[in-house]
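Chemist: Using only what follows, build the 3D model:
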Amino acid sequence: MKPLITLELTRALRNRKFLFFSVLYPSVIFLIFSSSGGPNAKVDGSGGLTVATYLMVSMASFGALTAVLMGNSERIAKERESGWVRQLRLTSLPGHGYVLAKTASAAVVSLPSIVMVFVVAAAVKDVRLDAWQWLALTGVIWAGSLVFAALGVAIGYLASGDAVRPITMIVYFALSLLGGLWMPSTGFPRVLQDIADWLPTHAYAALGRAIEQSQAPHARDVAVLAVYFLLFAGGAAWLYRKDTLKA
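Modeler: As a prediction, this is how the structure comes out:
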């Protein structure tokens, strides 16, 4: 499994288009969105967080989501059609090893996007946090990206090569917008706020914002992410077995 993870990382790092959208794009969006308010402007209902501090977590989460979801789903669907997955089944690599390798390699690639947003926020927008907060934010957002890495694997096995991109884009933008990554969900209509409260992206960003406020993450947010991870990982494993039987 380790050689496969190394191969996946090498392929991702050689893809300049993928690196731009997963590493640089979230930082650009952060700079654009955070310019809408002054340096001391606060986000309503955020517990006193400034616009830049609030959006930093949102865009770091968005960058990790981009890296693990977009990369995994399309790559797996194309590998299935090209016969690469079929070839791997002839090796000693177990089925769960393939799924874990895809999830782990995607999570590793998400780290640069998280760090890049933090660097830009600190250097350009003068966001200041304690050292433990920077480390905790990096760890929490990085670990939380595994939820969406598993979703990417599931979509890759669910959709064909032609259908995977539109399906992924719909899921990607729905989770980003409704989950409050692009704009605070506190400004949504009540119905959309109720929906956002149960989305994994909303809980994902909420973990980071709790750390920014020097608070412990809410148990509900942790539980929501845990349930979604089990759902997505279980779905990916089931779809992998189903695909294996077809082969």
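Chemist: L31 and T53, how far apart?
Modeler: 14 Å (CB to CB, to the nearest Å). C-beta here means a position set from N, CA and C on the backbone, and glycine is covered the same way.
Chemist: between the two, which one's more packed in?
Modeler: Neighbours per residue, other CB atoms under 10 Å: of L31 and T53, the larger number sits with T53, 21 against 17.
Chemist: In terms of helices and strands, where is that one?
Modeler: T53 belongs to helix 51-65 when assigned by DSSP states H and E.
Chemist: so what does that helix touch, helix or strand wise?
Modeler: Contact partners of helix 51-65 among helices and strands, from 3 or more CB pairs under 8 Å, 6 or more residues apart in numbering; DSSP states H and E: helix 25-34, helix 95-124, helix 131-158, helix 164-178, helix 200-212.
Chemist: mind listing what's buried in the shortest one?
Modeler: When neighbours are counted by 16 or more other CB atoms under 10 Å, the buried residues of helix 25-34 are found to be Y25, P26, S27, I29, F30, L31, F33, S34.
Chemist: Could you name the helices and strands sitting against it?
Modeler: Using 3+ CB pairs under 8 Å, 6+ apart: helix 25-34 touches helix 51-65, helix 95-124.
Chemist: what are the C-alpha coordinates of the helix or strand following the first one, in PDB please?
Modeler: Heading C-terminal from helix 51-65, the first helix or strand you meet, by DSSP H and E, is helix 71-82. Listed next in PDB are the C-alpha coordinates belonging to helix 71-82 (Å, rounded to 0.1, in the frame of the first residue of the first chain):
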ATOM      1  CA  GLY A  71      -8.800  14.900  -7.200                       C
ATOM      2  CA  ASN A  72     -10.100  11.600  -5.800                       C
ATOM      3  CA  SER A  73     -13.400  11.200  -7.600                       C
ATOM      4  CA  GLU A  74     -12.200  12.000 -11.200                       C
ATOM      5  CA  ARG A  75      -9.000  10.100 -10.900                       C
ATOM      6  CA  ILE A  76     -10.700   6.900  -9.600                       C
ATOM      7  CA  ALA A  77     -13.400   7.000 -12.200                       C
ATOM      8  CA  LYS A  78     -10.900   7.300 -15.000                       C
ATOM      9  CA  GLU A  79      -8.700   4.600 -13.500                       C
ATOM     10  CA  ARG A  80     -11.700   2.200 -13.500                       C
ATOM     11  CA  GLU A  81     -12.400   2.900 -17.200                       C
ATOM     12  CA  SER A  82      -8.700   2.600 -18.200                       C
END
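Chemist: List the buried residues in helix 71-82.
Modeler: G71, N72, S73, E74, R75, I76, A77, E79, R80.
Chemist: between those residues, which is nearest S113?
Modeler: Set against S113, the nearest of the buried residues of helix 71-82 by CB to CB is G71 (10.9 Å).
Chemist: G156 contacts N72, correct?
Modeler: Yes. If you go by CB atoms under 8 Å, G156 and N72 touch, sitting 5.9 Å apart.
Chemist: hey, what's in contact with both of these two?
Modeler: Common neighbours of G156 and N72, counting by CB atoms under 8 Å, 6 or more residues apart in numbering, are K102.
Chemist: returning to what we had before: for the helices and strands packed on helix 25-34, which one sits closest to A216?
Modeler: Using CB to CB, these put helix 51-65 closest to A216, at 15.7 Å.
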